[in-house]
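Enquirer: Dropping the sequence and predicted coords here.
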Amino acid sequence: MFHYQEYVQQAKDPYSYIQFMEHYNRKYAKIKGSMKLEHDPGNEMYIDYAGKKLQIVDRSTGELIAVEVFVAILPNSQYTYVEACHSQKRADFIACCGHALEFYGGAPKAIVSDNLKSAVTRASRYEADINRSFKDFARHYNCAINPTRGYSPQDKALVENAVHLAYQRIYYPLRNMTFFSLNELNKEICKLLMAYNNLLFKRKQASRLELFQSIEKGHLKSLPTSPYQLKDYCRAKVQKMGYVYFSPDKSYYSVPYRYIGKQAQIHYTATTVEIYYNHQRIALHRRNPSKGNYNTDRDHLSSTHK
């Protein structure tokens, strides 16, 4: 439908829709047969980015800023989530995944992603190397990650179809509208998405929302009490005084004195700093953004220092 509407706007004497589809199917004839896949409710969530971008306008300069569009779908009910974001970088990607799970109100058993750089460090036909932050995100929500196989478009056909429908139902109504922020754009996307998810499937006599609520929602796992916070990592040596130097804030955090001289790894979020040695956590601190500050847990001190 989207291609036909685009064609009608450009052609002087356009074909009818039936004639257009006749010529279209001749040109893009199906060569290979396909099999219909059955998807268990609550089993997987497919995610991808749309190939076409949307735009927002910088209010002060009038500059057009291209933004990415994230799409998620639960395959059993085909209940769809769409969100515009600044980029496909790790922080934006993981934030969108978290928003999708909040939208669904639960977590599936697995997340199926395309081989995005934010999700997969190294793609493979057999077993991809998953990005460390994305692994940590999945662990927080008790999910597995199943990247699609390279050069296997059938693995992501479902989400690509969702992207194609998003072009028709969301992109097309937005084409003549102007937005000055991501928040404005996402509010309008939310309205269109609600209408899209409420459309009836002719064969099933139910909408995506109705199928989700009646069948799929009950199979999703409960979300954790707190949302995932993006983690970053750095290494540091435990100094003679029993502190590690935390370079992002130029500050210091204590560890148990017996680890003096050891190489430790620091896992940190916006609110916490965790320190590990040989994959075991040896210290946990609330992050203090004050520069040059010594953050001390008295239990880490030797008896002499106490």
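Expert: Looks like it arrived, so ask away.
Enquirer: just the CA coordinates of stretch 198-215, formatted as PDB?
Expert: Backbone C-alpha positions of stretch 198-215 (Å, rounded to 0.1, in the frame of the first residue of the first chain) are rendered in PDB as follows:
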ATOM      1  CA  ASN A 198      -5.800  -1.800  17.600                       C
ATOM      2  CA  LEU A 199      -6.400  -2.700  13.900                       C
ATOM      3  CA  LEU A 200      -8.300  -5.900  13.400                       C
ATOM      4  CA  PHE A 201      -6.700  -8.900  11.700                       C
ATOM      5  CA  LYS A 202      -9.300  -9.900   9.200                       C
ATOM      6  CA  ARG A 203      -8.700 -13.700   9.600                       C
ATOM      7  CA  LYS A 204      -8.500 -13.700  13.300                       C
ATOM      8  CA  GLN A 205     -11.200 -11.100  14.000                       C
ATOM      9  CA  ALA A 206      -8.900  -9.600  16.700                       C
ATOM     10  CA  SER A 207      -6.300  -6.900  17.000                       C
ATOM     11  CA  ARG A 208      -2.700  -7.200  17.900                       C
ATOM     12  CA  LEU A 209      -3.500  -5.600  21.300                       C
ATOM     13  CA  GLU A 210      -6.400  -8.100  21.900                       C
ATOM     14  CA  LEU A 211      -4.200 -11.100  21.000                       C
ATOM     15  CA  PHE A 212      -1.400  -9.800  23.200                       C
ATOM     16  CA  GLN A 213      -3.700  -9.300  26.200                       C
ATOM     17  CA  SER A 214      -5.600 -12.600  25.800                       C
ATOM     18  CA  ILE A 215      -2.800 -14.900  24.800                       C
END
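Enquirer: what is the mean pLDDT for that stretch?
Expert: The average pLDDT within stretch 198-215 is 86.
Enquirer: And for stretch 254-267?
Expert: Average pLDDT, stretch 254-267: 93.
Enquirer: any idea how far Tyr259 is from the most centrally placed residue in the chain?
Expert: Nearest to the mean C-alpha position of the chain, by CA atoms, centre = their mean, lies Cys97 at 2.8 Å. Plainly put, Cys97 is 35 Å away from Tyr259 if you go by CB to CB, to the nearest Å. Yep, even glycine has a C-beta here, placed from its N, CA and C like the rest.
Enquirer: Report the beta-bridge partners for Glu83.
Expert: Beta bridges link Glu83 to Phe70, judged by DSSP bridges.
Enquirer: ok, it - contacts?
Expert: Val69, Phe70, Cys96, His99, Ala100, Asn186, Ile189 (CB atoms under 8 Å, 6 or more residues apart in numbering).
Enquirer: Who are the contact partners of the closest residue to the first one other than its chain neighbours?
Expert: In other words, Val69. Spatially, and ignoring its direct neighbours in sequence, Val69 is nearest to Ala50 (4.1 Å; CB to CB, 6 or more residues apart in numbering). By CB under 8 Å, 6+ apart, Ala50 lies in contact with Glu68, Val69, Phe70, Val71, Val163, Ala166, Tyr167, Tyr171.
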